[in-house]
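Visitor: how would this look folded up:
(one chain, ligands or ions: 1)
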Amino acid sequence: MNKKWLLAVLTTLVIAVLAACGTSEEKDSTSGSETKGEEKKVLVMGTSADYAPFEYVDTAKSDEIIGFDIDLAKMIGEKLGYEIKVENMDFNSLIPALQANKFDIVLAGMTPTPEREEVVDFSIPYYETEQYLVFKKEKSYKEMADVAGGVVGAQISSIQEELAKEFGEEHGFKVESRNLIPELIQELKTGRFDATVIENIVSENYLASNDDLAAFPIVVEEPDFKAAVFQKGSDLKVGFDKAIEELIADGTIEELKKKWFVVE
Ligand code: ARG
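Guide: Numbers count the residues shown, from 1 in each chain. Predicted structure coming up:
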């Protein structure tokens, strides 16, 4: 009799414990899927944070990647119901990484070119920029031909690298490439490079804080647009295009320019 009771009590206990486990598990998974429903979907964005004011880290303030492109991506994400998670990588590796599915999108001040369009898709442009030749003031260059016999730097895989090479052939200077924009500026300062090709907004940023640097605009035929980048055939393009169109039309992109491009 005693034994029977013990068995009954134990069985009840075991059942109760199992039931409790079941319930709590059920609860967890229910609340989990509930939060999932409310949570925004995440888009992983690749960028090359060497490009102030488009994407950079203000090391004095934090290690967060900030800039025009980051704000823009977040605003587009807001419209489309995505949270944007930003990841840093050298400019040169962004397209291969996007193709390898490491990112969902890339915003890195990237310009659509026929070569790139063979392997990735681009949004409509959100910005147009120009090119500068940047050099030490003491060089007092006035035109490309003045750099003849010298060394001109550019970022690896950028359209500026292409451009520098074309001009190099025409005017007889050598082109040397580096991964990061700050490296280009460093090489200018140490005198290893005589000049470097960088776009105007990024150049202005350096000119503002480096008294020893000067620049002039380079006349080019191809316009330099910036656009968001997707995997080939990505569904994201339609929504992004529409969002960018709206952000241009309602003046938000103008506001972003004012916020980021004021050179102090
Ligand atoms: N617009 C140029 C290009 O597409 C340069 C972009 C460089 N971007 C950067 N984040 N470093 O080649």
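
Visitor: where do the helices sit along the stretch 101-250 of the chain?
Guide: Assigned by DSSP state H, counting those that start in this stretch, the helices in the stretch 101-250 of the chain fall at 114-117, 159-171, 181-190, 200-209, 236-249.

Visitor: who's in contact with the most centrally placed residue in the chain?
Guide: Residue closest to the mean C-alpha point of the chain, counted by Cα atoms, centre = their mean, is residue 47 at 2.6 Å. Listed by Cβ atoms under 8 Å, 6 or more residues apart in numbering, the contact set of residue 47 reads 55, 65, 69-70, 86-89, 94, 106-108. C-betas here are computed from N, CA, C, even on glycine.

Visitor: keep these, but drop any that are not near the ligand.
Guide: 55, 108 (Cβ under 6 Å from any ligand atom).

Visitor: which ones among the contacts of residue 47 lie within strands?
Guide: 55, 65, 86-88, 106 (DSSP state E).

Visitor: filter the contacts of residue 47 down to the buried ones, PyMOL style.
Guide: To isolate the buried ones among these in PyMOL, judged by 16 or more other Cβ atoms under 10 Å, type:
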select buried, resi 55+65+69+70+86+88+89+94+106+107+108
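
Visitor: ok, so of the contacts of residue 47, who is nearest the ligand?
Guide: residue 108 (3.9 Å; Cβ to the nearest ligand atom).

Visitor: kindly confirm my reading that residue 45 is in a helix.
Guide: No - counting by DSSP: H, G, I helix; E, B strand; the rest coil, residue 45 is located in no helix; its state is strand.

Visitor: i'd like the first residue to be 3 from this point on
Guide: Done: numbering now begins at 3, and the last item shifts to residue 47.

Visitor: so the residue nearest to the centre of the chain versus residue 75, what's the distance?
Guide: Separation of residue 49 from residue 75 (Cβ to Cβ, to the nearest Å): 8 Å.

Visitor: same check on residue 140?
Guide: 40 Å.

Visitor: more crowded one of those two?
Guide: Between residue 140 and residue 75, counted using other Cβ atoms under 10 Å, residue 75 has the larger neighbour count: 24 against 7.

Visitor: now tell me what touches stretch 166-180 from outside.
Guide: 146-147, 149-158, 163, 186, 189, 194-196, 198-199, 220.

Visitor: and stretch 207-224, by the same measure?
Guide: 54-55, 132-146, 161, 165, 169, 187, 190-191, 199-200, 202, 205, 265-266.

Visitor: enumerate the residues of the stretch 3-152 of the chain near the ligand.
Guide: Residues of the stretch 3-152 of the chain lying near the ligand (Cβ under 6 Å from any ligand atom): 50, 52-53, 57, 93, 110-113.

Visitor: would you point out the most distant pair within those?
Guide: 52 and 113 (15.9 Å; Cβ to Cβ).

Visitor: hmm, back to that, columns mean pLDDT on top of the helices of the stretch 103-252 of the chain, output as TSV?
Guide: Below are those laid out as TSV (pLDDT from 0 to 100):
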stretch	mean pLDDT
helix 116-119	97
helix 161-173	97
helix 183-192	97
helix 202-211	95
helix 238-251	98
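
Visitor: nearest to residue 227, of those helices?
Guide: That would be helix 161-173 among the helices of the stretch 103-252 of the chain, by Cβ to Cβ, at 10.2 Å.

Visitor: got the angle between the closest one and helix 202-211?
Guide: Here helix 161-173 runs at an angle of 90 degrees relative to helix 202-211 (axes from the mean of the first three to the mean of the last three Cα atoms, to 10 degrees).

Visitor: can helix 161-173 be said to contact the ligand?
Guide: Yes - contact of helix 161-173 with the ligand (Cβ under 6 Å from any ligand atom) involves residue 161.

Visitor: by how many degrees do that helix and helix 183-192 diverge?
Guide: Going by the same axes, to 10 degrees, helix 161-173 is angled at 40 degrees with respect to helix 183-192.

Visitor: for helix 161-173, buried residues please.
Guide: 161-167, 169-170, 173.

Visitor: using PDB, write out every CA atom in that helix.
Guide: Extracted as PDB, the C-alpha positions of helix 161-173 are listed here (Å, rounded to 0.1, in the frame of the first residue of the first chain):
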ATOM      1  CA  ILE A 161      36.900  54.500 -60.300                       C
ATOM      2  CA  GLN A 162      39.600  57.000 -59.200                       C
ATOM      3  CA  GLU A 163      42.200  54.300 -59.800                       C
ATOM      4  CA  GLU A 164      40.900  53.800 -63.400                       C
ATOM      5  CA  LEU A 165      40.900  57.600 -63.900                       C
ATOM      6  CA  ALA A 166      44.400  58.000 -62.500                       C
ATOM      7  CA  LYS A 167      45.700  55.300 -64.900                       C
ATOM      8  CA  GLU A 168      44.000  56.900 -67.900                       C
ATOM      9  CA  PHE A 169      45.500  60.300 -67.100                       C
ATOM     10  CA  GLY A 170      48.800  58.700 -66.200                       C
ATOM     11  CA  GLU A 171      49.100  57.300 -69.700                       C
ATOM     12  CA  GLU A 172      48.200  60.600 -71.200                       C
ATOM     13  CA  HIS A 173      50.500  62.800 -69.100                       C
END
